[in-house]
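Engineer: Sharing a sequence plus its predicted fold:
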There are 2 protein chains.
Amino acid sequence: MTIDNLDLIKQISIASPTKIVLLVMDGLGGLPHPETGKTELETANTPNLDSLAMKGICGLSDPVGPGITAGSTPGHLALFGYDPVKYEMGRGVVEVMGIDFKVEPKDIAARGNFGTVDKNGLVTDRRAGRISTEKCTELCHLLEGIEIEGVRLFVMPVREHRFAVVFRGEGLAPEVSDSDPQQLGVAPKTVKAHRATARRTAKIANEFIAKARKILAGHHPANTVLLRGFSRRPDIPTMGEVYKLKPAAIASYPMYRGLARLVGMELLETSADIKEEFAVLKKNYAAYDFFFLHVKGADSAGEDGDFDAKAKIIEEVDKALPALTALEPDVIVVTGDHSTPALLKAHSWHPVPVLLYSRYCRTDRVENFSEQACIMGGLGRLPATQLMPLAMANALKLSKFGA
Amino acid sequence: MTIDNLDLIKQISIASPTKIVLLVMDGLGGLPHPETGKTELETANTPNLDSLAMKGICGLSDPVGPGITAGSTPGHLALFGYDPVKYEMGRGVVEVMGIDFKVEPKDIAARGNFGTVDKNGLVTDRRAGRISTEKCTELCHLLEGIEIEGVRLFVMPVREHRFAVVFRGEGLAPEVSDSDPQQLGVAPKTVKAHRATARRTAKIANEFIAKARKILAGHHPANTVLLRGFSRRPDIPTMGEVYKLKPAAIASYPMYRGLARLVGMELLETSADIKEEFAVLKKNYAAYDFFFLHVKGADSAGEDGDFDAKAKIIEEVDKALPALTALEPDVIVVTGDHSTPALLKAHSWHPVPVLLYSRYCRTDRVENFSEQACIMGGLGRLPATQLMPLAMANALKLSKFGA
């Protein structure tokens, strides 16, 4: 089943001057510290978030579904109200969004590795000895010179041996197999079409690979390319179309900016500094009616397994919060795109604390913003895709469904 | 997304002598009074409802989905277990149900306004100066005399300038555009078919409009008709088919009676008087195994913004409740079709308190029937469509699914 209801929302959404701020602390949810029994959020001193939780309504949200650990892309798509399974982003597309490349609707994107093959053409290293990013950049520049009829090529370094390639042209299709064999001692695979309409794309990909190998012949250990995750960006309606919002994103990391652009947000310039992000919100407050403010640090600290650093980032957000509440938005939503417990050093499936404040929110008895308290919240446990409809309703931006 | 599971229920439902009473206080859910912090339901003195909540299991239900404000039609369809988005009722159908017209499966219904056009045929008043209901009735009678080949016409007054028209005949289709331009200074629109199978319907609608204008020529300001919301009732299985129930409705307002009839309930005669409604229940208790008892007053008071009046209606229901519990139904469900907070003077998106009592309900720790207490209820927060399966289960009317 699909867990968004964008078709319905599109019918009943109305433009209005009310404003919504969606504050996302990436990887917010956590797990209790073995010594204290308290999560990162419960450990952090957060008087401002607690006060907002007291006035607002809280709950726990599942980005994709109970038990499903969400990547950053599905986690954010869900927060923006889009069913992350229906609008699945291929790996290639996510990779190029992550390097701030503007993917066009017909582009085919793939992830690439520089790799090593021996004299028999068998893969001996899928990462070409982890060449430097500088070397990768130099090689990408060489590969971008490849000419293929009817196609414009973009070849972009990511990091070390990783790069991305975009094929732009008419009549391309993403339904092709990888060339990366994902194992050693075998030859790179020929890219094959999964359906007839993708045959030309497979031919073009193989032509690219063949020409790349010629160019790379003298660049051992980076003497071949291995491609995977051929994909096209999904045909996704913009937030303007669905919600009739004029949305803006305050996010510094390219992947989140790319995703925000994909759903039609305007991108505001900011560093990753939390105070600066809130200042950017204030400066641009008059010009938009929806703001997505993204704080990356909580997730990074969680992935590092640094419990205290994650709690500290949450405290930093709490200190900055009055700059947001002073603007008196009609609706404030504070949540995360998924959990990243320091204990697991990774994204996890645990539902994410969420707090929604508006003058019409029908408050509950939650008195502080924490995983434990949110269990008792009036929002209950809900799919993350339902937060946007709730925010829209609380901003009085949805008309009645049915007579 | 579809939120009912009627196909499954139909497979496992069994007829049995147990009885279910669904007591609906229209617009039950509210928002806290700014001075007391208590909602209408929390303000009302409701010892009987509280006692039932203590013995039963409580929760909060979403008629359509979080954030979605339900009209009365989708709100009730959900309570009867039908996905209100899948079984969407067109405006025309709702209008004729509201005047107690028995819509047949192939009928095409539309809402109409009497309006005024100037000598150039441009609309100068979409409401014909709000003519009296008497005048409207007179004009409808004239229009019902129109003859169109292969079609039987029903033209019925609603109120003031509003009327409804039903086209009955073979091969009609609802996929046609409105003639009402929804603005002044332009001519009424020609009704157009959205698909080939609706061409004849468009032709018939235009013929009706042309003939109506001739008849109305001397009745300025009501010298034209403006039609909108052409629709057919959805092909909906009856409660008898799905649940194997013999259901009866105790409701006085035509729209709710129409809806109850649509899902196969028998209609019992009653006024809007709450005591009388409970007396009708008692009188007919032996003859049915499912009762829908509808109390309209809470919604009307909420829409009027009359907090105290709404609380008073709830108290009236509470006083009448012993007449219901004395019958010892196997299952009692008390809830609303949506929230209508006096604070908003309108339907709202807030989830609706629900209480289910049966000897097998597995009670929770909720000790009074209120929005706040229901947050902690054992039913959690659930789609309203799931209440009927729960009621059926508690009445031991559902067999095991799977071996």
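Structural biologist: Structure's in. What do you need? Nothing here was measured: the structure is a model prediction, and the numbers come from that model.

Engineer: for the closest residue to chain B within the stretch 101-250 of chain A, what are its contacts?
Structural biologist: Nearest residue of the stretch 101-250 of chain A to chain B, counting by CB to the nearest CB: A:Y243, 11.2 Å away. Every C-beta, even on glycine, is put in place using the N, C-alpha and C of the backbone. A:Y243 makes contacts with A:I9, A:S13, A:G81, A:F290, A:M388, A:M392, A:K397, as judged by CB atoms under 8 Å, 6 or more residues apart in numbering or on different chains.

Engineer: Quick check: the farthest pair among these?
Structural biologist: Within the contacts of A:Y243, two members stand farthest from each other by CB to CB: A:I9 and A:F290, at 13.5 Å.

Engineer: Buried residues of the helix or strand hosting A:T201, list them for me.
Structural biologist: Taking DSSP states H and E as the definition, A:T201 sits inside helix A:199-216. With burial defined by 16 or more other CB atoms under 10 Å in any protein chain shown, the residues of helix A:199-216 counted as buried are A:R200, A:T201, A:A202, A:I204, A:A205, A:N206, A:E207, A:F208, A:I209, A:K211, A:A212, A:L216.

Engineer: Stretch A:128-135 now?
Structural biologist: Within stretch A:128-135, the residues scored as buried using 16+ other CB under 10 Å are A:A128, A:G129, A:I131, A:K135.

Engineer: Stretch A:102-122 too?
Structural biologist: Buried-residue list, stretch A:102-122, by 16+ other CB under 10 Å: A:V103, A:D107, A:I108, A:A109, A:A110, A:R111, A:G112, A:N113, A:F114, A:G115, A:T116, A:V117.

Engineer: what pLDDT does the fifth one get?
Structural biologist: Residue-level confidence at A:A110 comes out at 97, pLDDT.

Engineer: Hey, what's the angle from the longest strand anywhere in chain A to helix A:199-216? Just curious.
Structural biologist: Counting residues, the longest strand found in chain A (DSSP state E) is strand A:108-117. In terms of direction (axes from the mean of the first three to the mean of the last three CA atoms, to 10 degrees), strand A:108-117 departs from helix A:199-216 by 40 degrees.

Engineer: which secondary structure elements does strand A:108-117 contact?
Structural biologist: helix A:91-97, strand A:123-125, strand A:162-168, helix A:199-216, strand A:224-231 (3 or more CB pairs under 8 Å, 6 or more residues apart in numbering or on different chains; DSSP states H and E).

Engineer: if we go to 10 Å?
Structural biologist: For strand A:108-117, the packing partners by 3 or more CB pairs under 10 Å, 6 or more residues apart in numbering or on different chains; DSSP states H and E come out as helix A:91-97, strand A:123-125, helix A:133-143, strand A:152-159, strand A:162-168, helix A:199-216, strand A:224-231.

Engineer: Pull up the pairing partners for that strand, direction included.
Structural biologist: strand A:123-125 (antiparallel), strand A:162-168 (antiparallel), strand A:224-231 (antiparallel) (DSSP bridges).

Engineer: on that earlier part again, what would the contacts of A:Y243 look like in CSV with distance to chain B and secondary structure?
Structural biologist: Formatted as CSV, those follow (distance: CB to the nearest CB, whole Å; DSSP: H, G, I helix; E, B strand; the rest coil):
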residue, distance to chain B, secondary structure
A:I9, 8, helix
A:S13, 11, strand
A:G81, 10, coil
A:F290, 15, strand
A:M388, 8, helix
A:M392, 6, helix
A:K397, 10, coil
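
Engineer: Of these, grab the buried ones for PyMOL.
Structural biologist: To isolate the buried ones among the contacts of A:Y243 in PyMOL, judged by 16+ other CB under 10 Å, type:
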select buried, chain A and resi 9+13+81+290+388+392+397
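
Engineer: what pLDDT does the nearest residue to A:H141 once chain neighbours are set aside get?
Structural biologist: Distances taken as CB to CB, 6 or more residues apart in numbering or on different chains put A:V155 closest to A:H141, at 7.8 Å, once the chain neighbours are dropped. We have a pLDDT of 97 for A:V155.
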